[in-house]
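Trainee: Please find the sequence and the predicted model below.
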Amino acid sequence: MKKIAILTLAVALGSFFITSCGGNADKKATSEKQETVKQTTPEKKVEKTFVANIENGKKVYNKVCVACHMTGVAGAPALKDKERWTEIAQKDMKTLHEDAINGFTGKHGVMPPKGTCTDCSEQDLYDAVAYMLKTAGVTAKE
């Protein structure tokens, strides 16, 4: 009976980490360096501006991205792998954000759309990408 309860708990926790997401970004500016990127969504042709909220990015990372990016599961760049993040940062922030939203297949593996976080907003994903780049010690091209 204990084994079934432990197995059920493990499956529930695993599901939580795979599908959960951080909250929407605060509107308040943080003391961290702010990055702004304007994007046009193809469907609506509306220009959006994203300003990185590093604190929200950390929350999103810890709830969702950590599953793959902590150790580099399935070819994901591990958070502390500066060499891989330096390579990734050769793309501009707009492209990295679009890859996080739409998914990406590269030479190391596959990034699923929204990193499997169906509840993450575009702002949440922008913040998470900015947080991972900052933590890895690299800056994306503008």
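Mentor: Arrived safely. Residues are numbered from 1 along each chain as shown.

Trainee: List the contacts of the closest residue to C65 other than its chain neighbours.
Mentor: Counting by CB to CB, 6 or more residues apart in numbering, A128 is the residue found nearest to C65 once chain neighbours are left out, at 5.4 Å. C-beta coordinates here come from the backbone N, C-alpha and C atoms, glycine included. Shown in contact with A128 (CB atoms under 8 Å, 6 or more residues apart in numbering): 22, 57, 60-61, 64-65, 100, 115, 120.

Trainee: Look up how far K80 lies from A128.
Mentor: 16 Å (CB to CB, to the nearest Å).

Trainee: coming back round to it: with distance to K141 and secondary structure added, can I get the contacts of A128 in JSON lines?
Mentor: Rendered in JSON lines, the data for these read as follows (distance: CB to CB, whole Å; DSSP: H, G, I helix; E, B strand; the rest coil):
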{"residue": "G22", "distance to K141": "25", "secondary structure": "coil"}
{"residue": "G57", "distance to K141": "18", "secondary structure": "helix"}
{"residue": "V60", "distance to K141": "22", "secondary structure": "helix"}
{"residue": "Y61", "distance to K141": "21", "secondary structure": "helix"}
{"residue": "V64", "distance to K141": "25", "secondary structure": "helix"}
{"residue": "C65", "distance to K141": "21", "secondary structure": "helix"}
{"residue": "A100", "distance to K141": "16", "secondary structure": "helix"}
{"residue": "G115", "distance to K141": "22", "secondary structure": "helix"}
{"residue": "C120", "distance to K141": "24", "secondary structure": "coil"}
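
Trainee: Can you tell me which of the residues you listed is closest to G109?
Mentor: Distances from these to G109 were compared by CB to CB; the smallest belongs to G115, at 12.5 Å.

Trainee: The helix or strand hosting T49 pairs with which strands, and in what direction?
Mentor: According to DSSP states H and E, T49 maps onto strand 47-51. Sheet pairing here is set by DSSP bridges, and for strand 47-51 it gives strand 36-40 (antiparallel).
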